[in-house]
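[1] Quick one: sequence plus predicted model below, questions after.
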Amino acid sequence: MDWLSGQSDTAQAWANAQGFKGRIGQALVIMGPDGLPMMAALGYGNAKSRARDRFALAAGAAGLPKGSYEIVEGLNNEVLEVECIGWLLSSYRFDRYRTQSPLLAELVAPPNVNIAKIEAQVAGECLTRDLINTPASDMGPPDLEDAARKLANEHGAQIDVTIGDALLEQNFPMIHTVGRAADRAPRLIDMRWGDTGPTLTLVGKGVCFDTGGLNLKPGASMGLMKKDMGGAAAVLGLAHMIMATGMQIKLRVLIPAVENSVAGNAFRPSDILTSRKGLTVEINNTDAEGRLVLADALALADEEKPDQIISMATLTGAARVAVGPDLAPYFSDAQQFVNALETAALTTADPVWRLPFHTPYEPMIEPGIADLDNAPKGGFAGCITAALFLRRFVTDSPYAHFDIYGWQPADAPARPKGGVGQGTRALFAALETILAK
């Protein structure tokens, strides 16, 4: 360890006595000659170990005793900002239903980092986690609307909500159809902020609970369906980052908020629905409902021809199987978008993975009896066919789609088990480049 070799004999002796090797997750408080703490050291590992564990300092922060700490050496500014985010995120606790112990090691803001930007990203991520972690009993469509209104009020944004049968009156038939069987009415949340700069519309899937509808999910598959509004939670978290930092864009956020429930008026397999865009959709599986509600919202977004549309959804199990829970799969045909996003993903420790809008698969979503099929048979390329389905509803605007998992299956540094944002910090970092004229 180069750092340790430059320290005092006392510090070196203390580190050796404690078996400190600088591995990720190791924490060491070095005592001075007077018996009081002199400094703390956190293991940073090597390049190979850091490739396996992002937020290296967060891994060791939990091992520090109560106190305030400042990072004074060892990291350049770019890495320092990411590690500060990780340290702050490691203090996240979902404590709505029970009190949990806070992280005792507080971080003092180091010099030469953008504190406002760091705090905005952490707060946005914590908002996303809280929304996903809240069970559907307390996070139905009205509650998701309340969360959006609270965010709008915080930042002076405008918000409009279309509820229940008004969805039919205002031509959002598929949002209404998917949500009509639930006791809590479906709705479309429409939030706007900013009056200068390029136009960005975020569309988030807000299925607050997904039973699968009449194609009922088995119990094991229904267990995590409180997270099926993870796309909505992600775009609200990203919207906070944008608004809190005063980014010079005109932002619109669209969230179709529904529950996919079972009742006598639930939509059925073989039904044919007519979308806002006029395209007809044959229902071959009522458990492929997320793309239906997104389709109406995307059609609305496209009518204004914004400079960029981005949708986020916990959409397909196929994406989870393809890349696992840690990567955020996305689809885009715009090379500028791809370059900016993937560069930002590396610098923000927020990994993404590009999947193709593979046009030769278009016939798979064309059933013959209607314009589109919501659940092609055969199971091949399920995440790609879902993305191709959504792309049919965006014809006049640059479009990217994220098919995220939205859930951390096991504790990791700065990422406790539970709801998690994916791709949003990378998008936040890339947006200025993506929307540059």
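    It's in.

[2] State the distance from the closest residue to Ser49 other than its chain neighbours to Asp350.
    Leaving aside its chain neighbours, Ser49 sits nearest to Ile24 (5.3 Å; criterion: CB to CB, 6 or more residues apart in numbering). (Each C-beta comes from the backbone N, C-alpha and C, glycine too.) Distance, Ile24 to Asp350, using CB to CB, to the nearest Å: 19 Å.

[3] Could you check which of the two has the larger neighbour count?
    More neighbours surround Asp350 than the other of Ile24 and Asp350, with 24 against 20 (other CB atoms under 10 Å).

[4] How is this structure partitioned into domains?
    What automatic domain parsing lists as the domains of the chain is 2-74, 117-434.

[5] Check for me that the residue nearest to Ser49 belongs to a strand.
    No. Assessed with DSSP: H, G, I helix; E, B strand; the rest coil, Ile24 is coil; it does not lie in a strand.

[6] quick one: it and Gly219, what's the gap?
    Per CB to CB, Ile24 is found 38 Å from Gly219.

[7] what about the longest strand in the protein?
    If you go by DSSP state E, the chain has its longest strand at strand 250-260.

[8] May I have the residues that are in contact with the closest residue to Thr314 other than its chain neighbours?
    With CB to CB, 6+ apart as the criterion, Thr314 has its nearest non-adjacent residue at 4.1 Å, and that residue is Gly230. By CB atoms under 8 Å, 6 or more residues apart in numbering, the contact list for Gly230 reads 128, 132, 205, 312-314, 404-407, 419.

[9] Next, check these against the helices and list the overlap.
    Residues of the contacts of Gly230 located in helices (DSSP state H): 128, 132.

[10] picking that back up, residues in contact with the residue nearest to Ser49?
    Applying CB under 8 Å, 6+ apart, the residues near Ile24 are 43-45, 49-50, 53, 56, 59-60, 413.

[11] Turn those into JSON lines, including pLDDT and neighbour count.
    Compiled in JSON lines, the contacts of Ile24 are given as follows (pLDDT from 0 to 100; neighbours: other CB atoms under 10 Å):
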{"residue": "Gly43", "pLDDT": "87", "neighbour count": "20"}
{"residue": "Tyr44", "pLDDT": "87", "neighbour count": "21"}
{"residue": "Gly45", "pLDDT": "83", "neighbour count": "19"}
{"residue": "Ser49", "pLDDT": "80", "neighbour count": "16"}
{"residue": "Arg50", "pLDDT": "82", "neighbour count": "15"}
{"residue": "Asp53", "pLDDT": "80", "neighbour count": "15"}
{"residue": "Ala56", "pLDDT": "88", "neighbour count": "26"}
{"residue": "Ala59", "pLDDT": "89", "neighbour count": "26"}
{"residue": "Gly60", "pLDDT": "87", "neighbour count": "25"}
{"residue": "Pro413", "pLDDT": "91", "neighbour count": "21"}
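
[12] So which of those residues is the closest to Cys84?
    Taking CB to CB as the measure, Cys84 sits nearest to Ala56 out of the contacts of Ile24, at 12.2 Å.

[13] Would you agree that closest one is in contact with Tyr44?
    Yes. Contact criterion CB atoms under 8 Å: Ala56 and Tyr44 qualify, at 5.2 Å.

[14] shared neighbours of the two, which are they?
    24, 50.

[15] neighbouring strands for the longest strand of the chain, and are they parallel or not?
    strand 187-193 (antiparallel), strand 199-204 (parallel), strand 206-210 (parallel) (DSSP bridges).

[16] Go through the ones you listed and pick out the most buried.
    Neighbour counts (mean count of other CB atoms under 10 Å) averaged over each of the strands paired with strand 250-260 peak at strand 206-210, with a mean of 29.
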